[in-house]
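Peer 1: 3D, please:
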Amino acid sequence: MINVLADRYIDQLSDYLHPEVNCIPFHPETGPDKKNLSQADALLVRTVTRVDESLTAHAPRLAFVGTASAGSDHVDEDLLQKLGIRFESAPGCNARAVAEYVATAIVLWSEHRQKPFRSLSVGIVGAGKAGSEVGALLDHAGFKTLAYDPPRQQRDSGFHSASLPDILSCDVITLHLPLTRTGRNATAGWLDENKIRTSQARLFINCARGSIANEQALLENKSVRGSDFILDVWNNEPVFDDEVAHSAFIGTPHIAGYSLQGKLKATHMVTRALHHHFNLPDPGIDQAPVVEAVTGLRNSSSLTEILNRIHPVQQYYGQFKLLLGLPGDEKMIRFRRLRNDISLRNEFKHMRIQESLLRSNPLLRTLGLKSLSD
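Peer 2: Have a look, this model is predicted:
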């Protein structure tokens, strides 16, 4: 029997584990129990649990660590390698969900600011799995996009990065970089005061990590030039800055990548790696296709109304704003609870709406929605 200590919020985890795996759940607010750690052969976490020496020191049997997330900056990978502990993440698991968040947010902003969305140029900083999916979806929807990723150009002869001046001349800049703090291509602080001040962008989006963008510079730029920003990640997260959050066009509690399909994909990716490491067969359950019928919309519903129904990002912002003004300790707890308790949405290709709405709003079909009659 293999003892696996796992974050209780990893979706449908028990369905994906082999019977020989003894799964011991822990609550992410309190973290793994030291007694359970001492008996753990494997650890499964999400981004809210820091895996470092203070944890591994209590886990002498630990042989495998997996995170059910695309990002891994919460894990000290160098330490795990030094200790001979196998590490796996779930790269790309939430790429489509992030792309739909970005596309929805841009269209909502363009409708509010009365800027035709197909006239907008979008600079995508970071062309990994999430950034590439953002580009593919926006291209399909008719946006003009540029992708900036010099490190990828160096290692991938088939990829050509846009220049930094071209990116800074775009109407929208959206960040999809991994967080790195050392080395020639360190990304911490990438969107700095100088880039913000010299850019032509009227909308900045950060769905990567809070430390990649200078929030105070975004705030000042909004007051001086009227440029908007949308943040899903925050400096000093989860104890975010109230003024920055209040001034955002949209602010959400690190849930851009949250979709039912993305969560289940992450669960399967990390459990598949776990089974492989311990030489167990992967149960590999087949999920029944999800089809959500979106009802309650009128033929006269505006594009904004439809988008808020199929991707309630502004509703998320309303819930998030209830955290403004709370003391730091309480804000931390409420932020994490909001992330844990928020309802997972379906990705667009799993949604069906009235054919009449698809005809009157062609964008919806390009985003992946289908007719109720399909």
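Peer 1: What residues are bridge-paired with residue 353?
Peer 2: residue 371 (DSSP bridges).
Peer 1: how many neighbours does it have?
Peer 2: 24 (other CB atoms under 10 Å). Bear in mind the C-beta positions are built from the backbone N, C-alpha and C, glycine included.
Peer 1: ok, which stretches of the stretch 1-150 of the chain are helices?
Peer 2: 34-38, 53-56, 77-83, 95-112, 129-141, 150-155 (DSSP state H, counting those that start in this stretch).
Peer 1: no wait, the stretch 201-350 of the chain
Peer 2: Under DSSP H, counting those that start in this stretch, the stretch 201-350 of the chain gives helices at 215-225, 242-247, 260-277, 303-310, 313-321, 328-341.
Peer 1: thinking again about what came up before, quick one, which of the helices of the stretch 1-150 of the chain is nearest to residue 284?
Peer 2: Closest approach to residue 284 among the helices of the stretch 1-150 of the chain is made by helix 95-112 (20.7 Å; CB to CB).
Peer 1: how far away is residue 96 from residue 367?
Peer 2: 11 Å (CB to CB, to the nearest Å).
Peer 1: Would you mind finding the most buried of the helices of the stretch 1-150 of the chain?
Peer 2: Per residue and on average, the most neighbours among the helices of the stretch 1-150 of the chain fall to helix 95-112, with a mean of 23 (mean count of other CB atoms under 10 Å).
Peer 1: rewinding a little: how about the helices of the stretch 1-150 of the chain in CSV, adding distance to residue 208 and mean pLDDT?
Peer 2: Formatted as CSV, the helices of the stretch 1-150 of the chain follow (distance: least, CB to CB, whole Å; pLDDT from 0 to 100):
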stretch, distance to residue 208, mean pLDDT
helix 34-38, 30, 95
helix 53-56, 25, 97
helix 77-83, 18, 97
helix 95-112, 9, 98
helix 129-141, 8, 97
helix 150-155, 15, 96
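Peer 1: Turn those helices into a markdown table, including distance to residue 322.
Peer 2: Shown next, in a markdown table, are the helices of the stretch 1-150 of the chain (distance: least, CB to CB, whole Å):
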| stretch | distance to residue 322 |
| --- | --- |
| helix 34-38 | 34 |
| helix 53-56 | 32 |
| helix 77-83 | 36 |
| helix 95-112 | 20 |
| helix 129-141 | 28 |
| helix 150-155 | 39 |
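Peer 1: for those helices, which one sits closest to residue 303?
Peer 2: helix 95-112 (6.0 Å).
Peer 1: Is residue 157 in a helix, a strand, or coil?
Peer 2: coil (DSSP: H, G, I helix; E, B strand; the rest coil).
Peer 1: quick revisit: the helices of the stretch 1-150 of the chain: which one's closest to residue 295?
Peer 2: Distance to residue 295, taken as CB to CB, is lowest for helix 95-112 among the helices of the stretch 1-150 of the chain, at 19.3 Å.
Peer 1: Next, count neighbours for residue 19.
Peer 2: Neighbour count for residue 19, taken as other CB under 10 Å: 8.
Peer 1: With residue 177 instead?
Peer 2: Neighbours around residue 177, by other CB under 10 Å: 24.
Peer 1: Repeat that for residue 66.
Peer 2: Residue 66: 27 surrounding residues under other CB under 10 Å.
Peer 1: what's near enough to touch it?
Peer 2: By CB atoms under 8 Å, 6 or more residues apart in numbering, the contact list for residue 66 reads 42, 43, 44, 45, 87, 88, 89, 90, 270, 271, 273, 274.
Peer 1: Please name the bridge partners of it.
Peer 2: Going by DSSP bridges, residue 66 forms beta bridges with residue 44, residue 88.
Peer 1: Can you report how many residues neighbour the closest residue to residue 243 other than its chain neighbours?
Peer 2: Using CB to CB, 6 or more residues apart in numbering and skipping residues adjacent in sequence, the residue nearest residue 243 is residue 219, 6.6 Å away. Using other CB under 10 Å, the number of residues around residue 219 comes to 17.
Peer 1: residues touching residue 219, list them.
Peer 2: Listed by CB under 8 Å, 6+ apart, the contact set of residue 219 reads 243, 244, 247.
Peer 1: Neighbour-wise, which one of the residues you listed leads?
Peer 2: residue 244 (19 neighbours).
Peer 1: What score does that one have for pLDDT?
Peer 2: With respect to pLDDT, residue 244 scores 98.
Peer 1: Spatially nearest residue to it, not counting backbone neighbours?
Peer 2: In space, residue 244 is closest to residue 215, 4.7 Å off (CB to CB, 6+ apart).
Peer 1: check contacts around that neighbour.
Peer 2: Counted by CB under 8 Å, 6+ apart, residue 215 has contacts 231, 234, 235, 241, 244.
Peer 1: Ok, residue 250 next?
Peer 2: 105, 108, 109, 230, 231, 313, 314, 317.
Peer 1: rerun that using 10 Å as the cut-off
Peer 2: 101, 104-105, 108-109, 205, 228-232, 313-314, 316-317, 320 (CB atoms under 10 Å, 6 or more residues apart in numbering).
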